[in-house]
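S.K.: need a 3D model of the following:
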Amino acid sequence: RFDLADHADTRALDSRDSRRGTDARRRRCRDGSGLARDFGAIGHRSMTDGSIVVTEARSRRDIEHFMDLPYRIYATDRNWIAPLRQEVRKLLDRRRNPFFEHGEAAFWLAWRDGKPIGRISAQVNRLHLAVHGDNTGHFGFLEAIDDAEVFRVLTQTAETWLRGKGLWRVIGPYRLSINS
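M.R.: I've put the predicted structure just below:
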């Protein structure tokens, strides 16, 4: 548990940008403008220079990548018990999950060399805020390859999104709520 106010406001999703000190908002974009409009527009998956690119999972295909990632990461782990895909799909479905009646969430994938290597969600639970009034957001679904930089970039992405929602603390990991 930590306060977002203690962390610098950065969107340096490409680890090389933070080392170069460039304006982290200036990014390669599909439309060639160099300016990302939102997290969904940052970078593109075909980059092969080893950089980490984070995209918001919005399309059905992205959500499938989001759901499949743990199966790839833990494929050789004999002790990993896979969640039922049907249950995860229902949990992420904004029409079928009651969480979305009182909350909102965003889901991101981290990519390297065109392959998904990590995921995270950030969520605002308005019921929690109404009861506790503590300006706290949550993160969850955090999975990634064994690389600290991937985890750093993913958590920064979630923190920045929550800060944009006016929240200054984050706790987790929670799937979407503390009860799921």
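S.K.: all contacts plus neighbour counts: C-alpha atoms, from now on.
M.R.: OK.
S.K.: and the strands in the chain?
M.R.: Along the chain, the stretches classed as strands by DSSP state E are 2-3, 53-56, 103-112, 115-125, 136-144, 169-171.
S.K.: now do the longest helix seen in the chain, average pLDDT.
M.R.: Using DSSP state H, we find that the single longest helix of the chain is helix 148-164. The predicted model assigns helix 148-164 a mean pLDDT of 97.
S.K.: repeat that for stretch 78-86.
M.R.: pLDDT averaged over stretch 78-86 gives 93.
S.K.: now it: how far from the chain's centre is it?
M.R.: When distances are taken as C-alpha atoms, centre = their mean, to the nearest Å, stretch 78-86 is centred 21 Å away from the chain's centroid.
S.K.: can you check stretch 154-162 too?
M.R.: Computed by C-alpha atoms, centre = their mean, the separation of stretch 154-162 from the middle of its chain amounts to 7 Å.
S.K.: packing partners of the longest helix of the chain?
M.R.: strand 103-112, strand 115-125, strand 136-144 (3 or more C-alpha pairs under 8 Å, 6 or more residues apart in numbering; DSSP states H and E).
S.K.: just the CA trace of it, in CSV.
M.R.: Taking Å, rounded to 0.1, in the frame of the first residue of the first chain, the C-alpha atoms of helix 148-164 are listed here in CSV:
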residue,chain,number,x,y,z
ALA,A,148,11.2,-5.8,-12.7
GLU,A,149,11.1,-3.2,-15.4
VAL,A,150,7.8,-4.7,-16.8
PHE,A,151,6.3,-4.6,-13.3
ARG,A,152,7.4,-1.0,-12.8
VAL,A,153,6.0,0.1,-16.1
LEU,A,154,2.7,-1.6,-15.5
THR,A,155,2.2,-0.3,-12.0
GLN,A,156,3.1,3.2,-13.2
THR,A,157,0.5,2.9,-15.8
ALA,A,158,-2.2,2.0,-13.3
GLU,A,159,-1.1,4.7,-10.9
THR,A,160,-1.2,7.4,-13.6
TRP,A,161,-4.7,6.3,-14.6
LEU,A,162,-5.9,6.3,-11.0
ARG,A,163,-4.3,9.7,-10.4
GLY,A,164,-6.2,11.0,-13.5
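S.K.: now the angle from it to strand 103-112?
M.R.: Relative orientation of helix 148-164 and strand 103-112, computed by axes from the mean of the first three to the mean of the last three C-alpha atoms, to 10 degrees: 150 degrees.
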